[in-house]
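>>> Show me how the following folds:
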Amino acid sequence: MKLYLAVAALLLVLLAHTEAQEEPTVEEPTVKEHFANIHTKLKEFGEDLSEKAISALKKLEESELASKTRSWITENIEKLKQKIDETFTTK
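Numbering: from 1, shown residues only. Reported below is the predicted structural model:
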């Protein structure tokens, strides 16, 4: 009985070993290949970053806070202009 178990275990080990050898290995890119492709990666990164920045700026521009801030600044500039006009025209 022990002989059967030993033979079965040996067959399983041999089977696993042959399957491991048959699998293609994924090779890591060399340093030269990595630097040769770095410009494409940087270009993709830059495009992705610019798209995200444009999207964030559009959301910020369309936000309620931005619109309230613009109207507040416009109102205060108008008030300042009126006070300047009153100050310099009365003298």
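
>>> contacts and neighbour counts: CA atoms only from here.
Fine.

>>> After the one helix or strand in the chain whose mean pLDDT sits lowest, which helix or strand is next?
Taking mean pLDDT, DSSP states H and E as the measure, helix 2-22 is the helix or strand of the chain with the lowest mean score, a mean of 74. Later in the chain than helix 2-22, the nearest helix or strand by DSSP states H and E is helix 31-36.

>>> Which strands and helices lie in contact with the least confident helix or strand of the chain?
Helices and strands in packing contact with helix 2-22 are not found; criterion 3 or more C-alpha pairs under 8 Å, 6 or more residues apart in numbering; DSSP states H and E.

>>> gap between it and the chain center?
For helix 2-22, the gap between its own C-alpha mean and the chain's C-alpha mean amounts to 46 Å (C-alpha atoms, centre = their mean, to the nearest Å).

>>> neighbours of residue 66, just the number please.
Close neighbours of residue 66, defined as other C-alpha atoms under 10 Å, add up to 13.

>>> Would you pull up how far the longest helix along the chain lies from the middle of the chain?
Looking only at the chain and at elements set by DSSP state H, the helix with the highest residue count is helix 64-90. From the chain centre to the centre of helix 64-90 is a distance of 40 Å (C-alpha atoms, centre = their mean).

>>> In it, which residues are buried?
Neighbour counts over helix 64-90 (16 or more other C-alpha atoms under 10 Å) mark no residue as buried.

>>> which helices and strands does that helix pack with?
Using 3+ C-alpha pairs under 8 Å, 6+ apart as the contact criterion, no secondary-structure element is in contact with helix 64-90.

>>> Which residues does the one helix or strand residue 59 maps to contact?
With the criterion set as DSSP H and E, the secondary-structure element containing residue 59 is helix 38-61. Taking C-alpha atoms under 8 Å, 6 or more residues apart in numbering as the criterion, the residues outside helix 38-61 that touch it are 66-67.

>>> now the angle between helix 64-90 and it, please.
60 degrees (axes from the mean of the first three to the mean of the last three C-alpha atoms, to 10 degrees).

>>> got the CA coordinates for helix 38-61 in PDB?
Coordinates of each C-alpha in helix 38-61 appear next as PDB, following Å, rounded to 0.1, in the frame of the first residue of the first chain:
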ATOM      1  CA  ILE A  38       9.600  55.400 -22.100                       C
ATOM      2  CA  HIS A  39       8.600  58.200 -24.500                       C
ATOM      3  CA  THR A  40       5.300  56.500 -25.300                       C
ATOM      4  CA  LYS A  41       4.600  55.900 -21.600                       C
ATOM      5  CA  LEU A  42       5.300  59.600 -20.900                       C
ATOM      6  CA  LYS A  43       3.100  60.700 -23.700                       C
ATOM      7  CA  GLU A  44       0.200  58.500 -22.500                       C
ATOM      8  CA  PHE A  45       0.700  59.800 -19.000                       C
ATOM      9  CA  GLY A  46       0.700  63.400 -20.200                       C
ATOM     10  CA  GLU A  47      -2.400  63.000 -22.200                       C
ATOM     11  CA  ASP A  48      -4.200  61.300 -19.400                       C
ATOM     12  CA  LEU A  49      -3.100  64.000 -17.000                       C
ATOM     13  CA  SER A  50      -4.200  66.700 -19.300                       C
ATOM     14  CA  GLU A  51      -7.700  65.100 -19.800                       C
ATOM     15  CA  LYS A  52      -8.100  64.800 -16.000                       C
ATOM     16  CA  ALA A  53      -7.000  68.400 -15.500                       C
ATOM     17  CA  ILE A  54      -9.300  69.800 -18.200                       C
ATOM     18  CA  SER A  55     -12.200  67.800 -16.700                       C
ATOM     19  CA  ALA A  56     -11.500  69.000 -13.200                       C
ATOM     20  CA  LEU A  57     -11.200  72.700 -14.400                       C
ATOM     21  CA  LYS A  58     -14.500  72.400 -16.300                       C
ATOM     22  CA  LYS A  59     -16.300  71.000 -13.200                       C
ATOM     23  CA  LEU A  60     -14.800  73.800 -11.100                       C
ATOM     24  CA  GLU A  61     -15.800  76.500 -13.600                       C
END
